[in-house]
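Asker: this one's structure only:
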């Protein structure tokens with residue numbers, strides 16, 4: 001399953017460094033090499049990226065991944081979706097942190113009150 005998050009991260013990484021190896025990409029994303037290979041093949045199949053062999057490379061397994069025009073367009077849309085999701089996540093975390101802070105403050109007030117009653 002290729003989530004919007006992985007789609008965004010892969011397209012972004014490829015745009016920044018087209019010569020990135022699958023192994024480097026797997027390490028950067030914190031996923032298996034097999035998952036990266038699956039994701040790249042999926043993106044190639046739907047036409048968002050293309051893979052070209054380095055013609056003058058000593059390592060004939062080296063590829064350069066390039067965003068296609070559709071890939072650039074998709075990356076723009078996915079970036080917006082990813083940003084909106086992260087903003088929602090941030091807002092929810094912010095509320096949770098404020099709630100926890102109030103609970104800690106209440107516990108602190110109760111502890112101080114208990115000490116004063118002794």
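Answerer: Structure received. Every value quoted in this text rests on a predicted model; they were computed, and no experiment measured them.

Asker: which residues does the host helix or strand of residue 36 contact?
Answerer: Residue 36 is part of helix 33-45 when elements are defined by DSSP states H and E. Residues from elsewhere that reach helix 33-45 (Cβ atoms under 8 Å, 6 or more residues apart in numbering): 2, 6-7, 10-11, 22-23, 25-26, 29, 49-51, 65, 71. The way it works is simple: take the backbone N, C-alpha and C, and place the C-beta from them, glycine included.

Asker: can you confirm residue 18 is in a helix?
Answerer: No - under DSSP: H, G, I helix; E, B strand; the rest coil, residue 18 falls outside any helix and is assigned coil.

Asker: so how far is residue 47 from it?
Answerer: Counting by Cβ to Cβ, to the nearest Å, the gap between residue 18 and residue 47 amounts to 17 Å.

Asker: the two: who's more crowded?
Answerer: residue 18 (15 against 12; other Cβ atoms under 10 Å).

Asker: wait, doesn't that one sit right on residue 66?
Answerer: Yes - taking contacts as Cβ atoms under 8 Å, residue 18 lies within contact range of residue 66: 5.7 Å.

Asker: packing partners for the helix or strand just after the helix holding residue 36?
Answerer: Next helix or strand after helix 33-45 toward the C-terminus (DSSP H and E): strand 49-53. Where contact means 3 or more Cβ pairs under 8 Å, 6 or more residues apart in numbering; DSSP states H and E, strand 49-53 is packed against helix 33-45, strand 63-67.

Asker: just how off-centre is strand 49-53 within its chain?
Answerer: How far strand 49-53 lies from its chain's middle: 22 Å, per Cα atoms, centre = their mean, to the nearest Å.

Asker: stretch 27-37 now?
Answerer: 12 Å.

Asker: so where's this protein uncertain?
Answerer: For the chain, the stretches flagged by pLDDT under 70 are 1, 54-61, 112-118.
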